[in-house]
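**Q** sequence? don't have it. structure:
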Ligand code: GDP
Ligand code: MG
């Protein structure tokens, strides 16, 4: 096809506003998949994505569309992840497009991630086409939402399509607007190759499948290509497009979106945002905007069965081939034994990886409480970065500690302003701004330590606003804080995996609550177990778990054997996520208790 007949676009939306459903409808309408072939939510392929109803890995599909003007167009539809953990991937996929369809729920209106996504789209100079979705809902208020889009975002929404991705209303109108209003790509196939990597996945047979948008030049099998940021060179074996299944083509040229494979061993060679060029006659400069994605949240992962350590190592190795944002390195804990320190983009990313490790590799894992990266300036003039609280040097050796801060934007109905401000204040937030979106809703902006966001912020926000708040955040930098390490001792021994870093003013209350929670969470043993919270040598809180009175089996004395067996099995089941720490058995929940201490 001529480049003038190509349109590259993505769909952006706040979570649950109907992005994936709309994408499915568009696939169906353009005949990329027949209804019969069509599984529910094709674009969300991973089981986990389907279950959780979120998009984790973005996808790109090539579609043919015969427009009302009588011409056949090639559309590349790029699906984007909807969660803040994956903002960088969203941003790169937007860079591969000229336009964005902005889906807004007709009942909910604009939410925090609607705005965050619009800003990303504007940063990438995209043409934005507003679509008001879910007009089939009885609670839909399309005209109010239209007005809101105009006033809050400043977009002309007079032609916004009123759609229902559920029933199929408005799909054709959306495609016609895509053709008419989103510009064709500008590119020159005779120039040196410049292709933007916006995603990749690992295929056990072909190696890494690199998802690219070709800006200039062309890519064909047999070419030697270089990744401009990593310098890695490879020979292209295959190029193709997603229809949505991977389909071979002879070449991809300027304006195209597709993939290539080049027997690449790990996704770490192919970084999202990097530029691919040819080794001979290469482009002189990479495309703008590349940055390395760095994990923000770290935790320890330990197999419950120590003998599973090699299995966990292999599983992480395989997982890493597929996930450029995942980091891991071996770590030893005196409490938990051999495991790994793993880095993630955020809590959701962490939960997804843990769940996949357990499901796909049959592992049972203990994960320790997540931590952010602290910058520690020592009295010797050194700067160290710490992602494991137990590594914090003793107080006398520290000059100051800095922690990461984020700018949090929260949208709520005005009745909840008080509760949100109270929560932000409690989370050590610094008030920045508050603006009315309309008569009923308010945007509140705070600067908050990232660790407070990781610890329970979202759940607290939801419960204190009856689920009406929406939330988005971005990292703004490091700031000095008065932080201390809180150690937990079981039976007089420090359990390194339970140590955490906390603001001095909160240390007492959090230490006390944690001791109380551990008392409930750790099952009784044959002997009494003292629990203490300490800062340095100073114990600030204590509890004790009373000894078990008698063996549970004693109850079955004289009872029938099946009942006895059932009890034993139940005990075994309960043991699944337990770890022997010294002579105390500690369950998984104990390591996460630190997340909910307010
Ligand atoms: P995403 O998170 O933006 O990808 O949203 P999904 O496409 O997963 O949709 C979220 C929920 O809204 C699902 O339960 C959909 O079935 C539902 N949904 C999507 N579009 C419509 C619509 O037009 N009308 C109604 N009533 N429900 C919709
Ligand atoms: Mg989705």
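**A** Thanks, I have it. Remember, it's a predicted structure, so these values are computed and weren't measured experimentally. Numbers count the residues shown, from 1 in each chain. Ligands and ions are numbered 1, 2, ... in the order given.
**Q** which SSE is residue 178 in?
**A** For residue 178, the host element (DSSP states H and E) is helix 171-181.
**Q** what comes up buried for that helix?
**A** 171, 174, 175, 177, 178, 179 (16 or more other Cβ atoms under 10 Å). All C-beta atoms are positioned from the backbone trio N, CA, C, and that covers glycine.
**Q** Equivalent analysis for stretch 202-210, please.
**A** 202, 206, 207, 208, 209, 210.
**Q** And it, end to end?
**A** Stretch 202-210 has an end-to-end distance of 9 Å (Cα to Cα, to the nearest Å).
**Q** which residues touch that stretch?
**A** Here stretch 202-210 makes contact (Cβ atoms under 8 Å, 6 or more residues apart in numbering) with 197, 200-201, 237-238, 246, 259-267, 269-270, 276, 321-322.
**Q** Give me the mean pLDDT for it.
**A** Averaging pLDDT along stretch 202-210 gives 88.
**Q** centre of the chain versus stretch 374-388, how much separation?
**A** Computed by Cα atoms, centre = their mean, to the nearest Å, the chain-centroid distance of stretch 374-388 equals 27 Å.
**Q** Give the rounded mean pLDDT of it.
**A** For stretch 374-388, the mean pLDDT works out to 96.
**Q** same question, stretch 261-275
**A** For stretch 261-275, mean pLDDT is 87.
**Q** Quick one: end-to-end length of that stretch, please.
**A** 15 Å.
**Q** buried stuff in it?
**A** For stretch 261-275, burial by neighbour count (16+ other Cβ under 10 Å) applies to 261, 262, 264, 267, 268, 269, 270, 271, 272, 273, 274, 275.
**Q** tell me, what residue is most central in the protein?
**A** Centroid check for the chain by Cα atoms, centre = their mean gives residue 85 as the closest residue, at 3.1 Å.
**Q** close enough to count as contact, residue 95 and residue 123?
**A** No: between residue 95 and residue 123 there is no contact under Cβ atoms under 8 Å: 9.1 Å.
**Q** Of the two, which one has the most company?
**A** residue 95 (22 against 12; other Cβ atoms under 10 Å).
**Q** what about residue 310, how many neighbours?
**A** Neighbours of residue 310 under the rule other Cβ under 10 Å: 10.
**Q** if I've got this straight, it is in a helix?
**A** Yes: per DSSP: H, G, I helix; E, B strand; the rest coil, residue 310 lies within a helix segment.
**Q** can you tell me how far it sits from residue 316?
**A** Residue 310 sits 11 Å away from residue 316 when distances are taken as Cβ to Cβ, to the nearest Å.
**Q** Please enumerate the helices of the stretch 301-450 of the chain.
**A** Taking DSSP state H, counting those that start in this stretch to define them, one finds helices in the stretch 301-450 of the chain at 309-322, 347-361, 417-426, 450-454.
**Q** For ligand 1, find the nearest of those.
**A** Nearest to ligand 1 among those is helix 347-361 (13.2 Å), distances taken as Cβ to the nearest ligand atom.
**Q** The closest one vs helix 309-322, what angle?
**A** Helix 347-361 runs at 120 degrees relative to helix 309-322, counting by axes from the mean of the first three to the mean of the last three Cα atoms, to 10 degrees.
**Q** What residue in the stretch 1-150 of the chain comes nearest to ligand 2?
**A** Here the stretch 1-150 of the chain gets closest to ligand 2 at one residue, residue 20, 3.1 Å apart by Cβ to the ion.
**Q** Pull the number of nearby residues for that residue.
**A** By other Cβ under 10 Å, 26 other residues sit near residue 20.
**Q** helix, strand or coil for it?
**A** Here residue 20 is helix, with the state taken from three-state DSSP.
**Q** Next, count neighbours for residue 470.
**A** 24.
**Q** how about the strands in the stretch 201-350 of the chain?
**A** For the stretch 201-350 of the chain, the strands defined by DSSP state E, counting those that start in this stretch cover 207-216, 218-219, 224-227, 233-235, 238-242, 246-249, 252-253, 257-261, 275-278, 297-303, 327-333, 337-344.
**Q** Next: the stretch 51-200 of the chain.
**A** Per DSSP E, counting those that start in this stretch, the stretch 51-200 of the chain carries strands over the ranges 60-66, 72-79, 99-105, 127-133, 161-162, 194-203.
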